[in-house]
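# quick one, fold the following:
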Amino acid sequence: MKSILPVQLRFPDQVQLIADGRSRSLKTTALTVSDVLKDSKIVLGPLDLINIPLSVRITDGVKIRVTRIKQVSLTKQVKIPYAVKKIKDKKMLVGKRIIKSKGVSGLAEVHLVKTIADGKVVKTTVLSNVTLKAAHPAQIIVGIRPRTIDELNWKAMAFCESRGNPRSSNSANGYFGMFQFTLTAWKSVGGVGNPMDASAAEQLMRAKLLYKKRGWGPWPVCGKRLFS
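All right, here's what the predicted structure looks like:
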């Protein structure tokens, strides 16, 4: 009497397969990941990646993700930016600049490989970088001598404060004259009476005295114009 071998039934498993820009939900009786790919006619390239080994046995709910990898080799020429060399000049006024020599960009030939995963560049590897033409730095002379009080731009600040009008009055806020003194500030530098009654020359002289004592702090908005 012939022996009867038991029949092993295999129920389909639910598998999620993600490859080539598609996500598919499959019911399969395939035994391994490799079998699922074969049944789905997905062929792996030499650089392609898969999230789980091909030999893993299929279980219900498993997710299989295939990432397509390719490498592109290219050679391109790129500019080499020039450096800027600053030469300090103690005799030249701060803020002044003179171009002694213009910079010249260089040129390099770069050979690189781009690694592309599912259409996106994920890595760029430089294989060689050869200088074809060296860059030459620009040379700029910059002044570092501080301005004297007389070299500050008092005209610009006065225009900002009062349109340069010595008789300007902002009595509602307590500011007077060409430099919009407060009465307290005016008196602190020897002023008598109201600034708007003094001559433009005296107002300028006392504005310089105030600057010596407090810098441009008394003119928080327009004081920066002194350095224009």
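# next SSE after the one helix or strand residue 85 maps to?
Using DSSP states H and E, residue 85 sits in strand 84-93. Per DSSP H and E, the first helix or strand lying C-terminal to strand 84-93 is strand 97-101.
# by contact count, what packs against that next one?
Applying 3 or more Cβ pairs under 8 Å, 6 or more residues apart in numbering; DSSP states H and E, one finds that strand 97-101 makes contact with strand 138-145. Heads up, the C-betas are built off the backbone N, CA and C, glycines and all.
# tell me which other helices or strands the longest strand anywhere in the chain touches.
If you go by DSSP state E, the chain has its longest strand at strand 120-133. Applying 3+ Cβ pairs under 8 Å, 6+ apart, we find strand 120-133 packed against strand 69-80, strand 106-117.
# one more pass at 7 Å, please.
With contacts taken as 3 or more Cβ pairs under 7 Å, 6 or more residues apart in numbering; DSSP states H and E, strand 120-133 sits against strand 106-117.
# hang on, the earlier thing: give me the sheet partners of the longest strand of the chain and which way each runs.
Next to strand 120-133 in the sheet, as set by DSSP bridges, lie strand 106-117 (antiparallel).
# quick one, domains of the chain?
As assigned by automatic domain parsing, the chain contains the domains 13-67, 71-145, 149-227.
# in three-state terms, label residue 156 for me.
Taken by DSSP: H, G, I helix; E, B strand; the rest coil, the conformation at residue 156 corresponds to helix.
# pretty sure it is touching residue 225, no?
Yes: at 4.1 Å, residue 156 and residue 225 qualify as touching, with contact defined as Cβ atoms under 7 Å.
# following the lowest-mean-pLDDT helix or strand in the chain, which helix or strand comes up?
Every helix and strand of the chain was ranked by mean pLDDT, DSSP states H and E. The lowest is strand 169-170, at a mean of 91. For strand 169-170, the following helix or strand on the C-terminal side (DSSP H and E) is strand 175-176.
# if we ignore the residues flanking it in sequence, what's nearest the residue positioned nearest the centre of the chain?
When Cα atoms, centre = their mean is applied to the chain, the residue found nearest the centroid is residue 81 (17.5 Å). In space, and not counting its chain neighbours, residue 81 is closest to residue 105: 6.2 Å by Cβ to Cβ, 6 or more residues apart in numbering.
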